[in-house]
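Chemist: Please work out how this folds:
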Amino acid sequence: MKVSFRIRSEYFNAIRDGTKWFEIRKWSDFWIPRYLKVRKSLEHNCRVQAVFVCGKKVLRKLIVDVEVWDNAELALGRIPSDQGKRDLGDGPVIKFILERKGD
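Modeler: Numbering: from 1, shown residues only. This is a model prediction of the structure:
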């Protein structure tokens with residue numbers, strides 16, 4: 001199974017470099033079905049691949065877990081940036097955990 005994420009350059013680079021190991025999305029009609037499919041696939045020990053797209057650049061990472069958090073601040077462990085607040089809102093978010101080197 002694959003899940004595609006369009007992301008900004010700074011986040012693409014951080015994931016590529018291994019300093020960012022998760023991706024967060026707003027709990028929405030678009031992301032809820034994807035969350036449910038990822039969770040079900042992981043429960044059945046199936047591989048789930050995240051495909052990150054930034055312009056013409058593509059990066060693939062395995063998703064090793066998926067979590068629902070009450071809000072972005074809790075999921076991030078910090079107050080989101082202004083852009084993060086606009087993207088993620090005030091409600092629940094989905095946190096896709098990526099495989100890290102050594103996992």
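
Chemist: so where is this structure shaky, pLDDT-wise?
Modeler: The chain contains residues with pLDDT under 70 at 102-103.

Chemist: Which residue is the nearest non-sequential neighbour of residue 66?
Modeler: Spatial nearest neighbour of residue 66, excluding adjacent residues (C-beta to C-beta, 6 or more residues apart in numbering): residue 38 at 4.8 Å. C-beta coordinates here come from the backbone N, C-alpha and C atoms, glycine included.

Chemist: Which positions within the one helix or strand the one you found maps to qualify as buried?
Modeler: Element membership of residue 38, judged by DSSP states H and E, is helix 31-43. Buried positions in helix 31-43, judged by neighbour count with 16 or more other C-beta atoms under 10 Å: 31, 34, 35, 38, 39, 41, 42.

Chemist: who does that helix touch, helix- and strand-wise?
Modeler: In terms of contacts (3 or more C-beta pairs under 8 Å, 6 or more residues apart in numbering; DSSP states H and E), helix 31-43 is packed against strand 2-6, strand 48-54, strand 57-69, strand 93-98.
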